Structure formats: C-alpha cells, structure tokens
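Asker: here is my input, please return the structure:
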Amino acid sequence: MRTFSLTLTLALLVAGCGGGDKGGEAAAPVDECRDVEAPAPREPETRKAPTEPLAEGTTYTLTFETSCGAFSVELDPELAPQTTASLVALARDGYFDDTTFHRVVPGFVIQGGDPTQTGSGGPGYSTVDVPPSDARYTKGVVAMAKAGFEPPGTAGSQFFVVTGEDVGLPPDYAIVGSVSEGLDTVLRIDALGAGDGPPTRPVVVERVTVSES
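Answerer: Numbering: from 1, shown residues only. Sure thing, here's the model as predicted:
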C-alpha cells in the first residue's frame, strides 16, 4: 500500500493540533465544494516509466481542477527529476483525471493520485528521488506517498499536499514541488476530513493540466 508509514495515533495527534495550526488563516468554507458522485474506480494499470527528462530552464506547473475549486503546483525538477517527469507524463496522459482524494486528515495532509481508490494503486512502476536529510513537510509542500517498506524517495502516482504548518514527517517522501496558487482550495478539501480516511463527501479531481513557462 502506498500509504504513509505513520501510525494512526500520530496522524490523529497532528490532526488534533490542526485546528489552530493554519497560520491564522480562516478555514475555506466547505459549501464552496460541489456535491458530486465519486467516479467509478479504475482497474490497476501497468505503464512504463518515462525516459525523457524535463527540459532544463523550464518551469512546469500542474493545475488540479477539483469539485472544491482549483489549485496549482509548481514542480521542482532539481529536487525530484525522475518523479516530476513522471507526474508530467501521467498528467498529460489524463491519468489523474476523474480520480478522488481518497485520504484527508485535517491539519495534516490531503492525498490523491490513485485511480483504483483503494489506497494501493499506482502506474505499475516506481521512481526514486531521495529527499535531502533536512527536508521539511510544511503547509503547501507536495510530496509522494509510499509504503513503509519501500526505500526513501520511492514514488508511484499517489501524492499528498501538506495542510499543517509543519507535520514533522521524516525525510522519506520525495518532494515534488509546492502549491503556487489555490491554497484556499487545498484547505477547503482539508476541512472535509474526519479522522484518517476518506473525506466526508467525495472530492473529485476532474482534470489535471500541465503548463510550461
């Protein structure tokens, strides 16, 4: 399973501190999320990892259009060259379209990128970009989920966005970028969390697009 190697106790501890852990920002109103049905789960896939690196000197941004609004992630190819190339290839191929955020832990993370909706799905391959030893997982950081038995920096397609100020994760998860626009959307999704599991109502990623600059 590409889920965090964290105990539920720790996750709930962080979540319990999350109510006042948003830097004084007001929680985004959840009524701005549209009521939608979750898409049907897709069958597991076996894809080939991309072999072409991203172009040097180009800024790549992923824009997630969700049922709670849109947010954009500026990728960091220097920090995670293999994983960012993989995310761009998957997004361009529509891999993330009509998927859900299957795990939302308030004040901690929102997690998506699994078309099977099981918490264990992926593209059929892995990349590895080991984060630096001083990596910090702070609000707006986007990183990749992995199973506890996998080496640091291993990634498939499941990603998470940090919603706490600093959630204290060890430097095990490949950091692929940060939210550059739409943090209010991320916090709106975060507000739908209840414990450690699916949100209280479906949050659908309708489309992910790639832009270059």
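Asker: contacts, neighbours, all on C-alpha from now
Answerer: Noted.
Asker: quick one: secondary structure of Thr185?
Answerer: Of the three states, Thr185 takes helix under DSSP: H, G, I helix; E, B strand; the rest coil.
Asker: mind listing the strands for this structure?
Answerer: Ranges of strands within the chain are 60-66, 69-75, 99-105, 109-112, 127-128, 141-144, 154-155, 159-162, 175-181, 204-212, based on DSSP state E.
Asker: can you redo the ones you listed as a markdown table with mean pLDDT, mean neighbour count and distance to Asp35?
Answerer: A markdown table is the format used below for the strands of the chain (pLDDT from 0 to 100; neighbours: other Cα atoms under 10 Å; distance: least, Cα to Cα, whole Å):
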| stretch | mean pLDDT | mean neighbour count | distance to Asp35 |
| --- | --- | --- | --- |
| strand 60-66 | 98 | 22 | 11 |
| strand 69-75 | 98 | 21 | 12 |
| strand 99-105 | 97 | 25 | 13 |
| strand 109-112 | 98 | 27 | 18 |
| strand 127-128 | 98 | 19 | 35 |
| strand 141-144 | 98 | 25 | 26 |
| strand 154-155 | 98 | 25 | 31 |
| strand 159-162 | 98 | 26 | 22 |
| strand 175-181 | 98 | 22 | 23 |
| strand 204-212 | 98 | 19 | 10 |
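Asker: so which of the ones you listed is nearest Glu45?
Answerer: strand 99-105 (14.1 Å; Cα to Cα).
Asker: how close does Gly193 sit to Val30?
Answerer: 11 Å (Cα to Cα, to the nearest Å).
Asker: circling back: for the strands of the chain, give me TSV that also has distance to Arg42.
Answerer: Below are these laid out as TSV (distance: least, Cα to Cα, whole Å):
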stretch	distance to Arg42
strand 60-66	18
strand 69-75	23
strand 99-105	9
strand 109-112	14
strand 127-128	22
strand 141-144	20
strand 154-155	19
strand 159-162	17
strand 175-181	25
strand 204-212	14
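Asker: okay, Gly193 and Val30: which has more neighbours?
Answerer: With neighbours defined as other Cα atoms under 10 Å, Gly193 and Val30 compare such that Gly193 has more, 22 against 15.
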